[in-house]
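1. the amino acid sequence is not available; the structure is as follows:
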């Protein structure tokens, strides 16, 4: 349990002070000529010592110092001071389920939705049936949705396709038809494509961010998508900027260096089979 050393130390000091005060009071009672002022002095000294122990022991710096008895404590305190609210080990089913549930709760409360991802299938595909119905409800309420996807014709996507499918040319997960249908029916739904800088999945609302870093570790012939996800909340740290704000800046940088869906379709329809078939 975190902070246990602090509580154990404070309990020990409390016991020691109580014992000393009790001993002092009984010691004075053994003398018949001790005046009342002496008892008051002893009491005042005991109270003063107790207050000093409490103030010093519970100061913010002391709490942090005593709590950092383990690496996990240091990591947690460092991240929490910049907005960390939760973590999910995506190799554990219970964490995956909890992350999906938390994401859906975030979508339902979002005043804006931003997503940067490889394919965005979990959020945009009607067939996957995971987060799309929640996103759709927010669109119907006029909530703006901004999406950045990895360009299927980019060298990065070609590399990942080669690892996953052996030179497969098209992204089988990219729900392009669903994306185009949504863009045509909802003016608040904006989609862009980026060919570089897609180092992670970032999902943001107006106050919460989910961060999933990418890697190319192979598992069973495909890239494993099971890693750690972190949830951050908007806040003001004492130094620098919050991790929520940093992830938001990451998204805006990608947004400013990506192309719109219409521009992508026009430039890629002769090069990319998906685009051509969809337009036809």
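-> Here it is on my side, so go on. As the structure is a prediction and not an experimental result, all values here were calculated from the model.
2. all helices of this protein, in order?
-> 4-29, 36-57, 60-67, 71-80, 93-109, 121-124, 132-140, 155-165, 176-185, 243-256, 261-268, 273-279 (DSSP state H).
3. can you list these in CSV and add mean neighbour count?
-> (Glycine included, C-beta is placed from N, CA and C.) Compiled in CSV, these are given as follows (neighbours: other CB atoms under 10 Å):
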stretch, mean neighbour count
helix 4-29, 13
helix 36-57, 12
helix 60-67, 13
helix 71-80, 13
helix 93-109, 15
helix 121-124, 22
helix 132-140, 17
helix 155-165, 15
helix 176-185, 16
helix 243-256, 17
helix 261-268, 16
helix 273-279, 15
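4. redo these as JSON lines? Include mean pLDDT and distance to residue 217.
-> Shown next, in JSON lines, are the helices of the chain (pLDDT from 0 to 100; distance: least, CB to CB, whole Å):
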{"stretch": "helix 4-29", "mean pLDDT": "70", "distance to residue 217": "35"}
{"stretch": "helix 36-57", "mean pLDDT": "73", "distance to residue 217": "45"}
{"stretch": "helix 60-67", "mean pLDDT": "56", "distance to residue 217": "33"}
{"stretch": "helix 71-80", "mean pLDDT": "77", "distance to residue 217": "22"}
{"stretch": "helix 93-109", "mean pLDDT": "96", "distance to residue 217": "17"}
{"stretch": "helix 121-124", "mean pLDDT": "94", "distance to residue 217": "20"}
{"stretch": "helix 132-140", "mean pLDDT": "96", "distance to residue 217": "28"}
{"stretch": "helix 155-165", "mean pLDDT": "83", "distance to residue 217": "10"}
{"stretch": "helix 176-185", "mean pLDDT": "93", "distance to residue 217": "27"}
{"stretch": "helix 243-256", "mean pLDDT": "97", "distance to residue 217": "22"}
{"stretch": "helix 261-268", "mean pLDDT": "86", "distance to residue 217": "29"}
{"stretch": "helix 273-279", "mean pLDDT": "50", "distance to residue 217": "27"}
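5. columns distance to residue 213 on top of those helices, output as JSON lines?
-> Below are these laid out as JSON lines (distance: least, CB to CB, whole Å):
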{"stretch": "helix 4-29", "distance to residue 213": "31"}
{"stretch": "helix 36-57", "distance to residue 213": "39"}
{"stretch": "helix 60-67", "distance to residue 213": "27"}
{"stretch": "helix 71-80", "distance to residue 213": "14"}
{"stretch": "helix 93-109", "distance to residue 213": "14"}
{"stretch": "helix 121-124", "distance to residue 213": "16"}
{"stretch": "helix 132-140", "distance to residue 213": "23"}
{"stretch": "helix 155-165", "distance to residue 213": "14"}
{"stretch": "helix 176-185", "distance to residue 213": "24"}
{"stretch": "helix 243-256", "distance to residue 213": "11"}
{"stretch": "helix 261-268", "distance to residue 213": "25"}
{"stretch": "helix 273-279", "distance to residue 213": "27"}
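6. wait, which of those is closest to residue 197?
-> Distance to residue 197, taken as CB to CB, is lowest for helix 243-256 among the helices of the chain, at 5.3 Å.
7. tell me what angle that closest one forms with helix 71-80.
-> Taking axes from the mean of the first three to the mean of the last three CA atoms, to 10 degrees, one finds helix 243-256 and helix 71-80 inclined to each other by 60 degrees.
8. which residues does the most centrally placed residue in the chain contact?
-> In the chain, the C-alpha nearest the mean C-alpha coordinate belongs to residue 231, at 1.7 Å (CA atoms, centre = their mean). When contacts are counted by CB atoms under 8 Å, 6 or more residues apart in numbering, residue 231 touches 84-88, 99, 102, 208-211.
9. ok, for it, nearest residue in space, not its chain neighbours?
-> residue 86 (4.2 Å; CB to CB, 6 or more residues apart in numbering).
10. contacting residues around the one you found?
-> Applying CB under 8 Å, 6+ apart, the residues near residue 86 are 102, 230-231.
11. and which of those residues is nearest to residue 122?
-> Of all the contacts of residue 86, residue 102 has the smallest distance to residue 122: 13.4 Å, by CB to CB.
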